[in-house]
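Visitor: sequence and predicted model, in that order:
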Amino acid sequence: MSASGKLASLRLPPLPTVGELIKLYNLRAEKQLSQNFLLDLRLTDKIVRQAGNLMDAHVCEVGPGPGGLTRSILNSGAADLLVVEKDTRFIPGLKLLSEAAPGRLRIVHGDILTYRTDRGFPATVSKPWGGDPPNLHIIGNLPFSVSTPLIIKWLEDMANGTGPFVYGRTRLTLTFQKEVAERLTASTGSKQRSRLSVMAQYLCTVRNCFTIPGRAFVPKPEVDVGVVHFTPLVQPQIQQPFKLVEKVVRNIFQFRRKYCHKGVEKLFPEACRMELTQEMMQKADVDPTLRATELTISQFRALADAYAQLCSREPSLLSYEFREELRLKHLGRRRNSPTDALSSTPPEPLQTC
């Protein structure tokens, strides 16, 4: 059978529209869960096309809701679609789709933040990390409330080869608020450049595919939505543990309008702050008067490598957190206040070098 013939044979039979299913099961988008339904199958088809050729693919869909994107994935020829849905109200409608696509749709009632995607697919799907990506895709129209923590979690999984990346360089096609999509793909020097830009781009090729106007969703969100595609790199651009890289990038971007050395300073306890900041900047050979948004990935790599060297010499540096030091100082001041009714237990000593 030709590819087009096979695809035609896999298309879903006539079904109630997504809008009709919403009425049938009396479904409403929950504002507190930041749910927005995409009912236009031309748009869900367009999202799915960004993932590439899904013929005979394994797919994990995050938060399928009433199943608009689910239909497009099944119609694209996916052989095995695993949907993870937290909201019980959507399960009956998804079961209707499962019956229309026998043996091709598996439904998990659970939270994607805790679901073990590393157990969701057969080992035969796996491809060596250095080779082509596996025929496994993650696709989702993500609720705004979960999109950023979820992509950070997946980036850490990517760096560690855990979660959906035990199978190899699994690709992701996901929706975000337009502003977040722009941050994920922002280039060096742009005003959208952020911690998220660096963390995504040191690990992936990131592509901002297209923007969906808010009016296409029900209910209409206050913002437009961007579709972003991620392909993990064979070699990350920074060869340091994820948490170390994240700490360096986070500290520098917390002072994004100031020179980058201000953020680097906060990596170190006060007792040795100036000395170690100067040493780290010299080791990295990075201009201390550059701002966070002006630093390239290679400069962040040099800074992370220099910080890792200092941490190998003094391991306690890795656990030091500037904000925790501030908290303890504040707690100490409150305990010393004559009007304070807190316990008189002395604060823990601050870390020194």
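Guide: Everything's here; your move. Numbering: from 1, shown residues only.
Visitor: contacts, neighbours, all on C-alpha from now
Guide: Noted.
Visitor: assign Gly103 to helix, strand or coil.
Guide: Classification of Gly103 by DSSP: H, G, I helix; E, B strand; the rest coil places it in coil.
Visitor: leaving out chain neighbours, which residue sits closest to it?
Guide: Among residues not flanking Gly103 along the chain, Asp80 sits closest, at 7.7 Å (CA to CA, 6 or more residues apart in numbering).
Visitor: the one you found contacts Met55, doesn't it?
Guide: No. If you go by CA atoms under 8 Å, Asp80 and Met55 don't touch, sitting 10.0 Å apart.
Visitor: contact partners for the residue nearest to Gln235 when sequence neighbours are not counted?
Guide: Distance criterion CA to CA, 6+ apart; nearest residue to Gln235, sequence neighbours excluded, is Leu203 at 7.7 Å. Residues near Leu203 by CA atoms under 8 Å, 6 or more residues apart in numbering: Leu155, Met158, Ala159, Pro232, Leu233, Gln235, Pro236, Gln237, Ile238.
Visitor: residue contacts, Leu155?
Guide: Counting by CA under 8 Å, 6+ apart, Leu155 touches Met199, Ala200, Leu203.
Visitor: which helix or strand contains Ile112?
Guide: In the assignment (DSSP states H and E), Ile112 maps to no helix and no strand.
Visitor: need the contact list for the residue nearest to it when sequence neighbours are not counted.
Guide: Excluding the flanking residues, the one nearest Ile112 by CA to CA, 6+ apart is Val84, at 6.3 Å. Taking CA under 8 Å, 6+ apart, we find Val84 in contact with Cys60, Glu61, Val62, Gly63, Pro64, Ile107, Val108, His109, Gly110, Asp111, Ile112.
Visitor: sort out for me which of these are in strands.
Guide: Assigned to strands by DSSP state E, the following of the contacts of Val84 qualify: Cys60, Glu61, Val62, Ile107, Val108, His109.
Visitor: can you say which of those residues are buried?
Guide: With burial judged by 16 or more other CA atoms under 10 Å, the buried subset of the ones in strands among the contacts of Val84 is Cys60, Glu61, Val62, Ile107.
Visitor: my guess is the first one meets Ile138, correct?
Guide: Yes. Applying CA under 8 Å, one finds Cys60 in contact with Ile138, separated by 4.8 Å.
Visitor: coming back round to it: the contacts of Leu203, buried ones only, as a PyMOL selection?
Guide: Of the contacts of Leu203, the buried ones can be selected in PyMOL as follows, counting by 16+ other CA under 10 Å:
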select buried, resi 155+158+159+232+233+238
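Visitor: export the contacts of Leu203 as a markdown table, with columns for pLDDT and secondary structure.
Guide: Shown next, in a markdown table, are the contacts of Leu203 (pLDDT from 0 to 100; DSSP: H, G, I helix; E, B strand; the rest coil):
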| residue | pLDDT | secondary structure |
| --- | --- | --- |
| Leu155 | 98 | helix |
| Met158 | 98 | helix |
| Ala159 | 98 | helix |
| Pro232 | 98 | strand |
| Leu233 | 98 | coil |
| Gln235 | 98 | coil |
| Pro236 | 98 | coil |
| Gln237 | 98 | coil |
| Ile238 | 98 | coil |
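Visitor: wait, what's in contact with the nearest residue to Phe217 once chain neighbours are set aside?
Guide: Nearest residue to Phe217, sequence neighbours excluded (CA to CA, 6+ apart): Leu38, at 4.9 Å. Contacts for Leu38 were tallied using CA under 8 Å, 6+ apart; they are Thr44, Gly68, Leu69, Ala216, Phe217, Val218.
Visitor: who wins for neighbours among those residues?
Guide: Each of the contacts of Leu38 was scored by neighbours using other CA atoms under 10 Å; the highest score is Leu69's, at 30 neighbours.
Visitor: wait, a helix at it?
Guide: Yes. The assignment for Leu69 by three-state DSSP puts it in a helix.
Visitor: quick check: it touching Arg49?
Guide: No. Assessed by CA under 8 Å, Leu69 is found out of contact with Arg49, at 11.2 Å.
Visitor: is it true that Ile73 touches Val48?
Guide: Yes. The criterion here is CA under 8 Å, and Ile73 meets it with Val48 at 6.3 Å.
Visitor: out of the two, which sits in the more crowded spot?
Guide: Using other CA under 10 Å, the more surrounded residue of Ile73 and Val48 is Ile73, with 28 against 22.
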